[in-house]
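**Q** need coordinates for the below:
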Amino acid sequence: MSTRKVPLRQCIGCGEMKSKKEMIRILRTESGEITLDATGRKNGRGAYLCPDMECFRKAVKNRGIERSFKMPVPKEVYGILEKEMEQLGQ
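**A** Numbers count the residues shown, from 1 in each chain. Reported below is the predicted structural model:
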């Protein structure tokens, strides 16, 4: 029996490689909107983040989201993402 390959993704906050299922996907749609993708299946460019507020803060501080999407991210979007992260953490 062959073992199934587990897809790994790098956290844009802490830089750790983890299983794709353990991570939260941040999505940039074709229209430029940035949201959290809980399903991991929506169309668009994705960046991955650990489900931890500390990793989110690191990603904001080191501009990991901006680097991943190659575009500036407004402060309002960071506020919305932070609220969505807090809801997922419950």
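**Q** residue 20 and residue 39, how far apart?
**A** Using C-beta to C-beta, to the nearest Å, residue 20 is found at 12 Å from residue 39. Every C-beta, even on glycine, is put in place using the N, C-alpha and C of the backbone.
**Q** quick one, which of these two is more surrounded?
**A** Neighbours were counted for residue 20 and for residue 39 using other C-beta atoms under 10 Å; residue 20 has more, 13 against 7.
**Q** who touches the more buried one in this structure?
**A** Going by C-beta atoms under 8 Å, 6 or more residues apart in numbering, residue 20 touches 6-9, 40, 48.
**Q** with pLDDT and secondary structure added, can I get those residues in JSON lines?
**A** JSON lines is the format used below for the contacts of residue 20 (pLDDT from 0 to 100; DSSP: H, G, I helix; E, B strand; the rest coil):
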{"residue": "6", "pLDDT": "89", "secondary structure": "coil"}
{"residue": "7", "pLDDT": "92", "secondary structure": "coil"}
{"residue": "8", "pLDDT": "95", "secondary structure": "strand"}
{"residue": "9", "pLDDT": "95", "secondary structure": "strand"}
{"residue": "40", "pLDDT": "86", "secondary structure": "coil"}
{"residue": "48", "pLDDT": "96", "secondary structure": "strand"}
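**Q** surely residue 8 and residue 19 touch.
**A** Yes - Residue 8 is within contact range of residue 19, at 6.4 Å (criterion: C-beta atoms under 8 Å).
**Q** okay, those two: which has more neighbours?
**A** Using other C-beta under 10 Å, the more surrounded residue of residue 8 and residue 19 is residue 8, with 13 against 10.
**Q** wait, what's in contact with the more buried one?
**A** 17-20.
**Q** would TSV of those with pLDDT and secondary structure be doable?
**A** Output for those, formatted as TSV (pLDDT from 0 to 100; three-state DSSP):
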residue	pLDDT	secondary structure
17	96	strand
18	96	strand
19	94	strand
20	92	helix
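**Q** so what touches the host helix or strand of residue 87?
**A** Using DSSP states H and E, the element containing residue 87 is helix 75-89. Residues from elsewhere that reach helix 75-89 (C-beta under 8 Å, 6+ apart): 24, 26, 34-36, 38, 51, 53, 56, 60, 65.
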